[in-house]
Every structure is written in structure tokens, then in C-alpha cells.
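S.K.: only geometry, no sequence info:
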């Protein structure tokens, strides 16, 4: 629906407000428009109550729907004005949609550059549960999606990306480089060597072990990052190889970060993969906004520069 825009879902919660403001800053950095979408789930109006009773008066539910719609329009207008004041010149539009929130948001952002949502909104415990709308979108939405939580504080820090050698990981790397370049951030490329059994991870590796692990992991990082230094020469890059559980290593690196970028379903060699469970864990527990990037055969690896 909104080609070339950043689309943000909004439900009136403080968490969603933070997500919209994050999306506005990103739209301004990309030099594109911001679309703020709110979905009203109107139930069908039955002719009679269960058991044969009638509604209190004709138009009872319709009146409630009209009230809900007016409230939603006012809510969208308020957040849109907030974004226009904070980012003068940013094209901001709103969409009031009706239906299932995951379906309507995915449809609204079908051709968008990015979809941004809060993790739980009004219906879940902040920083603990990821709401059903976010869960469905993370599972089904085919373009990059950023999840922002109420506890996430916009940071001036680094950008962290998980690297596992898969095609999905490579697209995540391209997204991370592009974000770091536009926002003048340093990039941390993290590869987690997780081929060891769980009991071995409880033992601190010796210096010799670390040297062997780095020797084996360096070629994978070199191959995964190949070409990006030339494309993004101004982005400083730190390469990190860790022996740890992937989710734990990513969460540690993401402390104080501006953004953590992960692939949705990596398939790296020798099980060194950032699997779907890892990306889900990051959405639940990472201390910063999380971008989840999917791989599609029809999309070339990497993201073009889109400076505003």
C-alpha cells in the first residue's frame, strides 16, 4: 500500500508511541515518508443476542463503532502532529484500518521499506511478553520489521548484527551496515561459536581454545562481510567471535546499542546458526530495539544506500 515509506503500528499505548517516534526518526534519516496505522477490530453486528433476545435499541453497536472510530482518528491525529513537530518537513500520513491487526498492518506495509511496532502494546506485560500481533507479524511478515519496547531508550550507541554465514544473515548484515552508515554508528559483527555441547560452555575456554576458535571463525566473518567495507567505507567495524549461547552473546553485545539486527531463520554451517528461536529470544529480551530481517530469493543481498 505505502511503497517506500516507513510504516508504524499504533494502538495508543506508551510502548506504541515510542515505536512511532523511533519510526519517525528512521523515516527522516531515510528521506521517506512516515505512515502511522491504527487497526480497529470491529466485530460483526448480530441480528439478535444469543438465546433470541434483542439488542437494547437499533443501532446500539453501530453507535459504539462510530465512537471508537472517532476516538481512533483523534488518537492518530495527535501522534501525527507530535511527529510533525519533532521532525519538521517529514511527510506524515495516517491510516485507520479495520480488521485483524496482523493482517491489516502487513497489508499496509506490503511494499514499505520497514514496519515498526511495539512488542506488546495494551495487551501484554511490558518487557516480558511479546503480544499476539507482534508474534504473528514476526512469523509472517516478509519484509524487515523493527520491534521497540516501552523500556527501550533511544541510544547513540553501536549497531550489532549477528553473523552465522547464512543468506539470511547476509541480508541482516546489509541492513545493519545501511543503518549504521545513515546514523553514523559503529558496527559490531558478532559470530557465536556454538558448536560445543552445553556442558562445555560452562567451562571457561583456555587461551589456546580461544585462538583455535578465532582461527576457525575469522574466515566466516571475512566472507560474510566481504564487499561491505568498500560499499560503506565510513562505517567502523568491530569483529567479535564469542563462545557462548547465541542469545546470551547477542544480548550482552546489545547493551547500550542503538539497534540489534538478526536474521529470522539462519542456516549456517555446523549448526552455527542464529535460528528462529534466537531471533525470538532477542525480541523478548534484548536491551535495545531489534530489527528482524528475512531472506528472500528474489531480493539481492545487501540494501542500497538511501540517504535523505
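M.R.: Done, it's in. What you are looking at is a predicted structure, and each value in this text was computed from that prediction instead of being measured.
S.K.: In the helix or strand containing residue 68, which of the residues would be classed as buried?
M.R.: Residue 68 is part of helix 60-86, with elements assigned from DSSP states H and E. If you call a residue buried by 16 or more other CB atoms under 10 Å, then helix 60-86 has these buried ones: 72, 75-76, 79-80, 82-83. (Glycine included, C-beta is placed from N, CA and C.)
S.K.: residue ranges with poor pLDDT in the stretch 151-300 of the chain?
M.R.: The stretch 151-300 of the chain contains residues with pLDDT under 70 at 151-155, 194-215, 217, 265-276, 295-300.
S.K.: which residues in it form helices?
M.R.: For the stretch 151-300 of the chain, the helices defined by DSSP state H, counting those that start in this stretch cover 167-182, 198-201, 207-225, 228-231, 246-253, 276-285.
S.K.: Residue 103 is nearest to which of the ones you listed?
M.R.: Nearest of these to residue 103, taken as CB to CB: helix 276-285 at 19.8 Å.
S.K.: what's the angle from that closest one to helix 167-182?
M.R.: Calculated by axes from the mean of the first three to the mean of the last three CA atoms, to 10 degrees, helix 276-285 forms an angle of 40 degrees with helix 167-182.
S.K.: what's the straight distance from one end of stretch 240-260 to the other?
M.R.: End-to-end distance for stretch 240-260: 14 Å, by CA to CA, to the nearest Å.
S.K.: Use 18 as the first number for this chain going forward.
M.R.: All set: I'll call the first residue 18, so the last point we hit is now stretch 257-277.
S.K.: For residue 271, give its distance to residue 179.
M.R.: According to CB to CB, to the nearest Å, residue 271 and residue 179 sit 10 Å apart.
S.K.: Now list whatever residues contact both of these two.
M.R.: residue 277 (CB atoms under 8 Å, 6 or more residues apart in numbering).
S.K.: more crowded one of those two?
M.R.: Counted by other CB atoms under 10 Å, residue 271 and residue 179 do not tie: residue 179 has more neighbours, with 31 against 28.
S.K.: Any figure for the gap between the more buried one and residue 39?
M.R.: As judged by CB to CB, residue 179 and residue 39 stand 20 Å apart.
S.K.: do residue 118 as well
M.R.: For residue 118, the distance to residue 39 - CB to CB - is 19 Å.
S.K.: One more: residue 197?
M.R.: Distance, residue 197 to residue 39, by CB to CB: 16 Å.
S.K.: So these two - more neighbours on which side?
M.R.: Neighbours were counted for residue 197 and for residue 39 using other CB under 10 Å; residue 197 has more, 25 against 21.
S.K.: Let me know whether the more buried one touches residue 248 as I believe.
M.R.: No: shown here, residue 197 and residue 248 do not form a contact pair, counting by CB atoms under 8 Å, at 11.8 Å.
S.K.: burial count for the closest residue to residue 296 other than its chain neighbours?
M.R.: Excluding the flanking residues, the one nearest residue 296 by CB to CB, 6 or more residues apart in numbering is residue 279, at 4.5 Å. Applying other CB under 10 Å, we find 33 residues neighbouring residue 279.
S.K.: Contact partners for residue 279?
M.R.: The contact partners of residue 279, taken as CB under 8 Å, 6+ apart, are 178-179, 189, 267, 291, 295-296, 299, 307-310.
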